[in-house]
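# After the sequence you'll find the predicted model.
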Amino acid sequence: MLRSLVLGSILGGLVAFVWSSVSWELLGWHEKTLVSFQNDDEVSALIASHAPKDGTYILPGMPPTEGMTAEQQKAAKAALMERMQKGPIMIAAVRRGGFGSFARGLIIQVLSLMVAAFLLTWLLLQTSGLSYRKRVMFIAITGLAASVIVDLPNWNWWGFSGVYTAVNLIDVTITWLLAGLVIAKVAKPRTN
């Protein structure tokens with residue numbers, strides 16, 4: 001089992017990384033789902049002046065409720081809900097210092113995909129009696145399920161576009177279908 005876990009993690013993670021590179025760098029379908037602000041420099045300056053630290057920001061944000069009475073907190077929440085209803089709303093990850101090292105990002109990405117491949121390999125090893133084809137589908141559908149868990153709530157609550165969401169769902173399914181071809185080969189099923 002340990003050999004299967006190691007091979008599934010490394011080889012599955014590498015296949016997922018290669019496909020992700022093709023998907024983002026060669027196909028370009030992710031970039032086509034993104035829109036830019038009208039004046040990047042102006043928006044960038046505004047964010048830099050109003051986002052004091054790295055983090056995930058939300059607009060509209062809830063004002064601090066410390067020192068407020070229960071009635072004042074209730075009114076603040078009602079005002080927030082009204083602002084959210086009216087819009088605009090936004091959730092954004094802000095890195096004040098920029099992206100940093102591209103190589104570091106690639107290393108973290110491949111390691112993250114290896115961790116995901118480890119988890120999927122482990123799940124697959126908990127099954128028994130599945131054919132190779134069904135083991136591949138198990139990995140692909142589990143990958144799709146993970147994407148549904150993340151991407152559909154972002155579409156629903158934060159307004160991620162339908163096309164952005166669809167591309168992510170398709171891409172993640174293809175990623176784990178391809179990685180599943182390798183993982184299912186090296187992850188030997190249990191025999192009872």
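It's in.

# So which residue is dead centre in this structure?
residue 150 (6.5 Å; Cα atoms, centre = their mean).

# That one and residue 158, how far apart?
Separation of residue 150 from residue 158 (Cβ to Cβ, to the nearest Å): 11 Å. From N, CA and C alone the C-beta is placed, and that goes for glycine too.

# One more: residue 189?
According to Cβ to Cβ, residue 189 and residue 158 sit 40 Å apart.

# Compare the two and say which is more crowded by neighbours.
Taking other Cβ atoms under 10 Å, residue 189 and residue 158 do not tie; residue 189 has more neighbours (18 against 12).

# so where's the protein uncertain?
For the chain, the stretches with pLDDT under 70 are 190-192.

# Which helix runs longest in it?
In the chain, assigned by DSSP state H, the helix with the most residues is helix 132-158.

# And the helices in the protein?
2-21, 40-50, 70-86, 102-125, 132-158, 162-186.

# With distance to residue 33 as new columns, can those helices be given to me in CSV?
Shown next, in CSV, are the helices of the chain (distance: least, Cβ to Cβ, whole Å):
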stretch, distance to residue 33
helix 2-21, 15
helix 40-50, 18
helix 70-86, 24
helix 102-125, 19
helix 132-158, 12
helix 162-186, 4
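
# Residue 93 is nearest to which of the ones you listed?
helix 40-50 (11.1 Å; Cβ to Cβ).

# Next, the buried residues of that closest one.
Buried residues in helix 40-50, counted by 16 or more other Cβ atoms under 10 Å: none are found.

# Take it, keep the C-alpha atoms, and write them as CSV.
Taking C-alpha atoms only, helix 40-50 is exported to CSV below (Å, rounded to 0.1, in the frame of the first residue of the first chain):
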residue,chain,number,x,y,z
ASP,A,40,-5.6,49.0,-13.6
ASP,A,41,-3.2,51.6,-12.3
GLU,A,42,-6.0,53.6,-10.6
VAL,A,43,-7.6,50.5,-9.1
SER,A,44,-4.2,49.2,-8.0
ALA,A,45,-3.4,52.5,-6.2
LEU,A,46,-6.8,52.5,-4.5
ILE,A,47,-6.4,49.0,-3.3
ALA,A,48,-2.8,49.7,-2.1
SER,A,49,-4.1,52.8,-0.1
HIS,A,50,-7.1,50.9,1.4
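
# Go ahead and measure how far that helix is from the middle of the chain.
Helix 40-50 sits 25 Å away from the centroid of its parent chain (Cα atoms, centre = their mean, to the nearest Å).

# Equivalent analysis for stretch 155-168, please.
Distance, centroid of stretch 155-168 to centroid of chain: 12 Å (Cα atoms, centre = their mean).

# What are the contacting residues of that stretch?
Contact with stretch 155-168 is made by 29, 30, 32, 33, 34, 89, 90, 91, 147, 151, 152, 154, as judged by Cβ atoms under 8 Å, 6 or more residues apart in numbering.

# Would you mind writing the CA trace of it as CSV?
Taking C-alpha atoms only, stretch 155-168 is exported to CSV below (Å, rounded to 0.1, in the frame of the first residue of the first chain):
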residue,chain,number,x,y,z
TRP,A,155,-20.5,31.2,-8.4
ASN,A,156,-23.6,31.3,-6.2
TRP,A,157,-22.5,33.7,-3.5
TRP,A,158,-19.7,35.8,-5.0
GLY,A,159,-20.8,36.2,-8.6
PHE,A,160,-18.0,34.2,-10.2
SER,A,161,-19.1,34.1,-13.8
GLY,A,162,-20.9,31.0,-15.2
VAL,A,163,-18.2,30.6,-17.9
TYR,A,164,-15.4,30.9,-15.4
THR,A,165,-17.1,28.3,-13.2
ALA,A,166,-17.8,26.0,-16.1
VAL,A,167,-14.1,26.1,-17.2
ASN,A,168,-12.9,25.3,-13.7
